[in-house]
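# The following comprises the amino acid sequence and a computationally predicted model.
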Amino acid sequence: MSLGLGVAQLAAPDTVRRISGVDDSSASRTVVPLVGARELVHAAGLLTSRRKGIWAWTRVMGDAMDLASLGVAIAHRGGRRRRRLVGVTAAIVGITVVDLLTAVQATRVRRISSAPAVRGLREGGSMELTATTTIRKPPLEVYAFWRDLDNLPTFMAHLEEVRATGDRTSHWSASAPFGKNVEWDAEIIDEATGERIAWRSTGNAAVPNAGTVRFVPAPGGVSTEVHVVMSYDVPGGAVGKAVARYFGEEPHQQLDDDLRRLKQALETGQVVRSEGAPWGKRARKEFPQRPAQPLSDSELSKGPQA
């Protein structure tokens, strides 16, 4: 629609003005081509951008501008031109309704499409994390290791324990900033053997969370790309995020480190420790993983982080 309107208003502005009933206005000779250019910008955004919702909302705003301009034009015209303007206005109202519904739907789809398990999380203070790694093992083997929930604490540094309570249910315990612990129940809501696992917390979890992990065969046929999307509510909202980051509990770094440990565990049979991270699995006692190098004098003087 944007493409068609834009081309028409730029290629045949006089015809568009005559049909719409604004051909007698000198201002319309400037406004109609400008509106056409705006429509082409909308079309380019809708056709090329992944963020369809944002571009759909720009169409809604454009429709509002058009309706305001048509209202002014109707007030200053009479007879046949006024009737044409009223007809065009009615058509624009219909287009506005369609654009509004499309924008709302596109926004909702974007919010839940990245991970089917994120539905139901509270809006305030939510965070979405993504990470990817490639492991030199076949997808079925990587999937089986992850699906055995007892294995998760071996590479997810903040997990204290994951205990299966049923075929698709489990109880999780994790460390949190400032020496706290949190526990919750979770359920697997979608899985395909060797391909994906999706889960979400259940009940009144202290930190509502959800996630999806996909196991994709890597080119060459001997490795697996592991794609993880996790969403959870951070206590304290934006303040909680800032404080956690200040004290070294940066969630994005955590997830990258977790996948690095997963790669080590599957490829070598153990999580390899460098001289830069000698104090074991507990996240608050472990420096972010990095190539092997000695600790600085200041780091050694501090010892394990509290």
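Looks like it came in fine.
# helices and strands of this protein: which one has the lowest mean pLDDT?
helix 237-246 (a mean of 56; mean pLDDT, DSSP states H and E).
# Which SSE is immediately downstream of it?
helix 251-268 (DSSP states H and E).
# Centre of the chain to that next one, how far?
Here helix 251-268 is found 21 Å from its chain centre; the criterion is Cα atoms, centre = their mean, to the nearest Å.
# heads up, I number from 44, so please use that
Yes, from this point I'll number from 44; that puts the last item at helix 294-311.
# Identify each buried residue in it, please.
By neighbour count with 16 or more other Cβ atoms under 10 Å, helix 294-311 contains the buried residues 294, 297-309. Placement of C-beta: from N, CA and C, glycine included.
# cool, stretch 175-195 as well?
For stretch 175-195, by 16+ other Cβ under 10 Å, it's 176, 178, 180-182, 185-186, 188-190, 192, 194-195.
# residue boundaries of the helices in the stretch 194-343 of the chain?
In the stretch 194-343 of the chain, the segments counted as helices under DSSP state H, counting those that start in this stretch are 195-198, 280-289, 294-311, 340-345.
# these two touch, right, residue 243 and residue 255?
No - Residue 243 lies out of contact with residue 255 (Cβ atoms under 8 Å); the separation is 9.6 Å.
# one step back: compare the mean pLDDT across the helices of the stretch 194-343 of the chain and name the weakest.
With a mean of 56, helix 280-289 has the lowest mean pLDDT of the helices of the stretch 194-343 of the chain.
# can you give me how far the longest helix out of those in the chain is from the chain middle?
Using DSSP state H, we find that the single longest helix of the chain is helix 122-156. In terms of Cα atoms, centre = their mean, the centre of helix 122-156 is set 27 Å apart from its chain centre.
# Now do the very next helix or strand once past it, average pLDDT.
Once the chain leaves helix 122-156, the next helix or strand it forms, by DSSP H and E, is strand 169-178. For strand 169-178, mean pLDDT is 88.
# Can I get the next helix or strand after strand 169-178 as PDB, trimmed to CA atoms?
Next helix or strand after strand 169-178 toward the C-terminus (DSSP H and E): helix 182-190. Output of helix 182-190 as PDB, limited to C-alpha atoms (Å, rounded to 0.1, in the frame of the first residue of the first chain):
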ATOM      1  CA  PRO A 182      23.500 -32.300  17.800                       C
ATOM      2  CA  LEU A 183      22.000 -35.400  19.300                       C
ATOM      3  CA  GLU A 184      24.800 -35.800  21.800                       C
ATOM      4  CA  VAL A 185      24.800 -32.100  22.800                       C
ATOM      5  CA  TYR A 186      21.000 -32.200  23.100                       C
ATOM      6  CA  ALA A 187      21.200 -35.300  25.400                       C
ATOM      7  CA  PHE A 188      23.800 -33.700  27.600                       C
ATOM      8  CA  TRP A 189      21.600 -30.600  28.100                       C
ATOM      9  CA  ARG A 190      18.300 -32.600  28.400                       C
END
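# Mind giving me the packing neighbours of helix 182-190?
Packing partners of helix 182-190 (3 or more Cβ pairs under 8 Å, 6 or more residues apart in numbering; DSSP states H and E): strand 239-245, strand 252-260, strand 267-276, helix 294-311.
# hmm, 7 Å instead?
strand 252-260, strand 267-276 (3 or more Cβ pairs under 7 Å, 6 or more residues apart in numbering; DSSP states H and E).
# And that helix, how far out from the chain middle?
Per Cα atoms, centre = their mean, the centroid offset for helix 182-190 relative to its chain is 25 Å.
# Check stretch 199-215 too.
Worked out by Cα atoms, centre = their mean, stretch 199-215 lies 25 Å from the chain centre.
# Could you work out the end-to-end span of it for me?
12 Å (Cα to Cα, to the nearest Å).
# residues in contact with that stretch?
Contact with stretch 199-215 is made by 192-193, 195-196, 216-218, 224, 226-231, 297, 300-301, 324, 326, 329, as judged by Cβ atoms under 7 Å, 6 or more residues apart in numbering.
# Of those, keep whichever come out buried.
192, 195-196, 217-218, 227, 229-231, 297, 300-301, 324, 326, 329.
# Direction-wise, compare the longest helix of the chain with strand 169-178 and give the angle.
60 degrees (axes from the mean of the first three to the mean of the last three Cα atoms, to 10 degrees).
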